[in-house]
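Visitor: Starting from these lines, generate the structure:
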Amino acid sequence: MANTISKVYIVGHHGPEHNEIRSIHATHAGALKAWDELRLELLEEGKQGLAHAKEDAKEKVETGRRIDGKPLEPDSIEYYKKIAEEGDEIRRDIVKNLSCEDPEKINNFPHETPYIEEREVVE
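Guide: Alright, predicted model coming up:
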């Protein structure tokens with residue numbers, strides 16, 4: 001009896017300490033749609049994280065205090081002012097990286113990076 005080989009497309013996201021498979025598809029088109037939905041989900045999380053970082057920094061500048069209640073040093077105030085305006089570099093990079101719409105070119109390492117992986121299945 002001859003074995004039949006077909007392809008499947010795995011959609012997931014990985015980082016340095018995880019690999020999560022989200023779905024498996026019979027067609028590349030279906031996988032691409034699922035990949036883009038996942039990318040947009042991760043992008044939204046990144047945008048929310050960026051907004052939270054800005055809000056947190058703004059609060060620190062307004063109160064003049066760190067999270068432990070101690071007063072901020074003058075150089076820390078300037079640092080948090082910048083974060084309140086622009087957000088922190090890591091979250092800005094995450095948003096920028098996840099804005100890439102090409103599964104072949106996207107790179108969000110070391111953070112969650114969505115992927116499509118082609119595999120052969122022997123039936």
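Visitor: Could I get the average pLDDT for stretch 38-52?
Guide: Confidence for stretch 38-52, expressed as mean pLDDT, is 97.
Visitor: neighbouring contacts of that stretch?
Guide: With C-beta atoms under 8 Å, 6 or more residues apart in numbering as the test, stretch 38-52 has contacts from 11-13, 22, 87-88, 91-92, 94-95, 98-99, 101, 106, 108, 112, 114. Where you see a C-beta, it was placed from the backbone N, CA and C, and this is true even at glycine.
Visitor: out of these, which are buried?
Guide: When the contacts of stretch 38-52 are checked for burial by 16 or more other C-beta atoms under 10 Å, the buried set is 11-13, 87-88, 91, 94-95, 98, 106, 108, 112, 114.
Visitor: Quick check: of those, which lies closest to residue 33?
Guide: Taking C-beta to C-beta as the measure, residue 33 lies nearest residue 11 of the buried ones among the contacts of stretch 38-52, at 9.1 Å.
Visitor: So the closest one lies in a strand, does it not?
Guide: Yes: counting by DSSP: H, G, I helix; E, B strand; the rest coil, residue 11 is part of a strand.
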